[in-house]
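> Got a predicted structure plus its sequence, pasted below:
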Amino acid sequence: ANVHVVEMDVTSTASVNTAIAQIGKPIDVVINNAAVMPLGISEAFTVEQMQATFDTNVVGAFRVNQAVLPAMRARKSGLLIQISSQNGRVPLPFLGVYCASKFAVEALAETLRYELAPFGVDSCIVEPGPFPTKMMANSPGPADEARAAEYGPMAGAREAIRADAATRFAGIDVGMIGEALVALIAETPGKRALRTTVGVDFGAKAINEATAPIISGTLQA
């Protein structure tokens, strides 16, 4: 009963600004979740496909952040959460375009962590592993099929990965992500972890732990 849906196209600056204005009330938390996941031979994706992916996954989040941050900075409070991926820390073959976009999301969110700290606004990243959503099933493939065919049997990896994912991760509870978000929001402002991994770990947690002292030192500096 307390959920109100507002239409927003993150690939349109006008749409984002209109949606934020329509909400009207002060926004305490923003969760940037919109994303697409291209899957296939990385070289065979077109430049246009790469640009479209970044427009949704990276620039889309940037648009939303720009729309809400002035008010958050003025109030000296707020929370930005970027739904990244463990592939934003650990790249995998056949996900080159997607991983590149998530690495960019991570860099942007980490930079905002430093720049927004004096204003009392937290920037955090949630890194899910694989979950049984429709993201894999709806993943766009490379448009340059002739180029992909030059890779021989490797070109079939896309369908093999989709078929495997449909069964391998079917029993994982997607609700784990919601629980992680609720816990992050409830945490004391200024004390929230920069990165939170959720689900099957592909090594992102170890990378996060190894780089934490560097991040802390950069913030202090």
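Yes, it's here.
> Grab the longest helix from this protein for me.
helix 96-116 (DSSP state H).
> Can you get me a residue count around residue 12?
Residue 12 has 14 neighbours, counted by other C-beta atoms under 10 Å. (Glycine included, C-beta is placed from N, CA and C.)
> quick one: pLDDT of it?
For residue 12, the pLDDT comes out at 98.
> gap between it and residue 83?
20 Å (C-beta to C-beta, to the nearest Å).
> Check residue 189 too.
20 Å.
> These two: which has the busier surroundings?
Neighbour count, other C-beta under 10 Å: between residue 189 and residue 83, residue 83 has more, with 21 against 13.
> Kindly tell me how buried residue 125 is, as a neighbour count.
Using other C-beta under 10 Å, residue 125 has 27 neighbouring residues.
> separation between residue 212 and residue 205?
11 Å.
> Neighbour count: these two, which is higher?
Using other C-beta under 10 Å, the more surrounded residue of residue 212 and residue 205 is residue 205, with 17 against 13.
> What residue, apart from its backbone neighbours, is nearest that one spatially?
residue 197 (4.8 Å; C-beta to C-beta, 6 or more residues apart in numbering).
> Look at the one you found and give its secondary structure.
strand (DSSP: H, G, I helix; E, B strand; the rest coil).
> please renumber so the chain begins at 789
That works, and once the first residue is 789, the last one we named lands at residue 985.
> Can you name the residues that contact it?
874, 915-917, 992-993, 996 (C-beta atoms under 8 Å, 6 or more residues apart in numbering).
> Quick check: residue 819 touching residue 871?
Yes: counting by C-beta atoms under 8 Å, residue 871 is a contact partner of residue 819 at 6.5 Å.
> Tell me who's in contact with residue 860.
Per C-beta under 8 Å, 6+ apart, neighbours of residue 860: 815, 866, 904, 907, 909.
> cool, and residue 865?
Neighbours of residue 865 in contact, by C-beta under 8 Å, 6+ apart: 816, 908-909, 977.
> Off-centre distance for stretch 933-949?
With C-alpha atoms, centre = their mean, to the nearest Å as the basis, stretch 933-949 stands 26 Å off its chain's centre.
> Using CSV, list the CA coordinates for the lengthiest strand in the chain.
Looking across the chain with DSSP state E, the single longest strand is strand 909-916. Taking Å, rounded to 0.1, in the frame of the first residue of the first chain, the C-alpha atoms of strand 909-916 are listed here in CSV:
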residue,chain,number,x,y,z
VAL,A,909,26.1,11.4,2.0
ASP,A,910,27.1,7.7,1.8
SER,A,911,28.0,6.0,-1.5
CYS,A,912,27.8,2.2,-1.3
ILE,A,913,28.1,-0.8,-3.7
VAL,A,914,26.2,-4.1,-3.5
GLU,A,915,27.8,-6.9,-5.6
PRO,A,916,25.5,-9.8,-6.2
